[in-house]
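Peer 1: 3D model of this:
(one chain, ligands or ions: 1)
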Amino acid sequence: MSAFAALFFARLGRAGFYRALHAEAVARLGAGGGRTWLDVGCGPGLVARLAAERGWRARGLDLDPAMIARAGRLGGAGDLGFAVGSLDDLAPGSATVVSAASLLIGLADRRSAVAGLLSALTPDGVLLVVETTPAMRPAAAWARIRRGDLGRDAWLLLLWSLARRRARPVGVDDLAQPGFHLERTELLDGLAAAWALRRTQTPRRDPPSREDVEECHLKVA
Ligand SMILES: C[S@@+](CC[C@H](N)C(=O)[O-])C[C@H]1O[C@@H](n2cnc3c(N)ncnc32)[C@H](O)[C@@H]1O
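Peer 2: I've put the predicted structure just below:
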């Protein structure tokens, strides 16, 4: 099963519409300048590859060794690496961006998965979640295909929508966490969405109070 899934997601990752929607989500977080981007549930590595192309030190993590083997074979440009690992073992505060594309939809406890992903962020970090929306239905996919601009990869959009038929879409209830605000961007004409979670306040030192300054002066004197 996992070798088949790795083959399927590698093929999906080559489809123009799939690559474009993930490229748009990655581009919204800007150039990396060597900072760390951790893609969890990376599959064959599309998001990590796109991040490395934009100058991030991109690392992909996946439970499934077949996915990681395929990601390694596909390779890519820039500072890019893949490893077998679970979202339950993320190093705290280790990445400026943590991303999860089509990961949460398959998990039973999405809220604790989101809490785990957030724990890996640096204080000013961003969690990027990419998932299909409730609009991703076979009829809507078919309507999108009929616009005629998806080329020979169009059938993969229909297949993707069929695979989502029984899944409960990821939404605000799964993602909202105390101390973080959510920003949603529509992708692929609303069939998918990118969510960015950022701390409502970046932890910082409060400016010193008058008492602090006076105490400091007393100590120096
Ligand atoms: C639907 S695939 C998505 C692959 C890729 N992110 C994409 O968008 O094309 C979900 C991936 O999440 C991985 N996964 C599931 N649970 C995981 C966990 N607890 N920790 C790490 N990876 C996990 C699966 O092995 C699978 O490769």
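Peer 1: where in the protein is pLDDT low?
Peer 2: Applying pLDDT under 70 to the chain flags residues 1-2, 202-221.
Peer 1: in it, which spans are helices?
Peer 2: Secondary structure of the chain by DSSP state H: the helices cover 2-14, 16-27, 46-53, 65-74, 110-119, 138-145, 154-163, 172-175, 210-220.
Peer 1: Deepest-packed of those, please.
Peer 2: helix 46-53 (a mean of 26; mean count of other C-beta atoms under 10 Å). Heads up, the C-betas are built off the backbone N, CA and C, glycines and all.
Peer 1: wait, doesn't residue 65 sit right on residue 84?
Peer 2: Yes. Using C-beta atoms under 8 Å, residue 65 makes contact with residue 84 at a distance of 5.2 Å.
Peer 1: Show me what from the protein comes close to the ligand.
Peer 2: Taking C-beta under 6 Å from any ligand atom as the criterion, the chain approaches the ligand at residues 9, 13, 40-43, 46, 61-64, 67, 86-87, 101-103, 106.
Peer 1: If we use 8 Å, what do you get?
Peer 2: Taking C-beta under 8 Å from any ligand atom, the part of the chain that reaches the ligand is made up of 2, 5-6, 9, 12-13, 18, 22, 39-47, 61-64, 67, 85-88, 100-103, 105-107, 113, 130.
Peer 1: Now distance to residue 197 too, for the helices of the chain, in JSON lines please.
Peer 2: Converted to JSON lines, the helices of the chain look like this (distance: least, C-beta to C-beta, whole Å):
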{"stretch": "helix 2-14", "distance to residue 197": "24"}
{"stretch": "helix 16-27", "distance to residue 197": "13"}
{"stretch": "helix 46-53", "distance to residue 197": "16"}
{"stretch": "helix 65-74", "distance to residue 197": "24"}
{"stretch": "helix 110-119", "distance to residue 197": "7"}
{"stretch": "helix 138-145", "distance to residue 197": "26"}
{"stretch": "helix 154-163", "distance to residue 197": "24"}
{"stretch": "helix 172-175", "distance to residue 197": "7"}
{"stretch": "helix 210-220", "distance to residue 197": "33"}
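Peer 1: how about the ones you listed, which one is nearest residue 80?
Peer 2: Among the helices of the chain, the nearest to residue 80 by C-beta to C-beta is helix 46-53 (4.1 Å).
Peer 1: Need the CA coordinates for that closest one. PDB is fine.
Peer 2: This file holds the C-alpha atoms of helix 46-53, laid out as PDB (Å, rounded to 0.1, in the frame of the first residue of the first chain):
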ATOM      1  CA  LEU A  46       6.900  18.500  -3.100                       C
ATOM      2  CA  VAL A  47       6.500  21.200  -0.500                       C
ATOM      3  CA  ALA A  48      10.100  20.800   0.900                       C
ATOM      4  CA  ARG A  49      11.400  20.900  -2.700                       C
ATOM      5  CA  LEU A  50       9.500  24.100  -3.400                       C
ATOM      6  CA  ALA A  51      10.700  25.700  -0.100                       C
ATOM      7  CA  ALA A  52      14.400  24.800  -0.900                       C
ATOM      8  CA  GLU A  53      14.000  26.400  -4.300                       C
END
